[in-house]
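Asker: my questions are about this predicted structure, shown below with the sequence.
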Protein chains: 2
Amino acid sequence: MNISDVAKRAGMPPKTIRYYEEIGLISPPRDTNGYRVFRDSDMHKLAFLGRARALGFTIENCRTLLALWEDQDRASADVRTLAHAHLRNIEAKIADLEEMRDTLARLVTACAGDERPDCPILKSLGDATV
Amino acid sequence: MNISDVAKRAGMPPKTIRYYEEIGLISPPRDTNGYRVFRDSDMHKLAFLGRARALGFTIENCRTLLALWEDQDRASADVRTLAHAHLRNIEAKIADLEEMRDTLARLVTACAGDERPDCPILKSLGDATV
DNA sequence: CCTTGACCTTCCAGTCACTGGAAGCCTTAT
DNA sequence: ATAAGGCTTCCAGTGACTGGAAGGTCAAGG
């Protein structure tokens, strides 16, 4: 299976797979023609990475998670700590975005959105007292 | 007022102000010593930019918003359209993050987080069938 | 056997919105 | 006169890819 088939299965572009190799997340051997040979372990790692990235873990966290995954003797506490910290990050981001959303929604509602120049959105951005 | 005082007032680092000049959002003239001279209009633009960025608008959107702000004849519809599209973006991001949060929260709850290696988080990341 | 087209490879550059740091000039206080 | 601190420019790096160029490889059709 060549890289584009692997990419389809893993649900990520070939470029991403090459990138993951470049940064040492996977190390597929090469065929005589120079093509990457993906073993089962590489495919599993890519699937793992795809899921971890979909949960928003950074690449560095993914690297750590992969190492923990490979380590049969890990303590689940280590994984949980990482995931919990990440969860908090996500919650903080959501809170930030919700604040933006609420302010924006208020402004969009207040704006007539017609051909006239009067606009509460610009007024609010231009003037602290709104 | 030199750049670091302006930065304090605008609530952003001096580096950001220099960057905003570099990309043409502001164009403060220079004193004989080469220092930037910030006029009222520059300060207002920086305040505007700070608020627009806090609402999550991209720099390019900020550029457009600034132009609309300066244009006394703009139609408020143009502003509203931009803000509305941005609002939708934010809502989509929130939805994505909420999905991550829910999955993660479920996994974190399911994980004992002790010294044992058994871990539902890694199990879920490593195996599609969870 | 040759060509065509679709793969594969590497390498370099660009994205976004800054941020860090070095090197050197300017100002203010001692 | 000097020392500290602020100003200037310029270059490089961030995260996680993504686009594109240049060139090697492979399978199918004529």
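Answerer: Yes, it's here. Numbering: from 1, shown residues only, chains lettered A, B, ... in the order given.
Asker: nearest spatial neighbour of the spatially most central residue of chain A, chain-adjacent residues omitted?
Answerer: Centroid-nearest residue in chain A, with Cα atoms, centre = their mean: residue A:56, separated by 3.9 Å. In this structure, residue A:56 finds its nearest non-sequential neighbour in residue B:100, 4.8 Å apart by Cβ to Cβ, 6 or more residues apart in numbering or on different chains. C-beta coordinates here come from the backbone N, C-alpha and C atoms, glycine included.
Asker: is the lowest-mean-pLDDT helix or strand in chain A in proximity to DNA strand C?
Answerer: For chain A, scoring each helix and strand by mean pLDDT, DSSP states H and E identifies helix A:120-126 as the least confident one, at a mean of 94. No. Counting by Cβ under 7 Å from any atom of the strand, no contacts exist between helix A:120-126 and DNA strand C, the nearest distance being 14.4 Å.
Asker: dump the residue contacts of the residue nearest to residue A:56.
Answerer: A:54, A:55, A:56, A:90 (Cβ atoms under 8 Å, 6 or more residues apart in numbering or on different chains).
Asker: which strand or helix spans it?
Answerer: helix B:76-110 (DSSP states H and E).
Asker: ok, residue A:45 to DNA strand D distance?
Answerer: From residue A:45 across to DNA strand D, the span is 13 Å (Cβ to the nearest atom of the strand, to the nearest Å).
Asker: ok but that residue is inside a strand, no?
Answerer: No. Using DSSP: H, G, I helix; E, B strand; the rest coil, the assignment for residue A:45 is helix, not a strand.
Asker: ok, the residue nearest to it when sequence neighbours are not counted to residue A:40 distance?
Answerer: Ranked by Cβ to Cβ, 6+ apart and with sequence neighbours excluded, the top spatial neighbour of residue A:45 is residue A:26, at 5.3 Å. Here residue A:26 is placed at a distance of 12 Å from residue A:40 (Cβ to Cβ, to the nearest Å).
Asker: looking at those two, which is more packed in?
Answerer: residue A:26 (21 against 7; other Cβ atoms under 10 Å in any protein chain shown).
Asker: helix, strand, or coil at that one?
Answerer: Under three-state DSSP, residue A:26 comes out as coil.
Asker: that one against residue A:46, yeah?
Answerer: Yes. Applying Cβ atoms under 8 Å as the test, residue A:26 and residue A:46 come out as touching, 6.6 Å apart.
Asker: give the residues shared as contacts by these two.
Answerer: Contacts common to residue A:26 and residue A:46, judged by Cβ under 8 Å, 6+ apart, are A:17, A:20.
Asker: ok, now how distant is the residue of chain A most remote from its centre from chain B?
Answerer: Distance from the C-alpha centroid of chain A peaks at residue A:116, with 41.4 Å (Cα atoms, centre = their mean). From residue A:116 across to chain B, the span is 6 Å (Cβ to the nearest Cβ, to the nearest Å).
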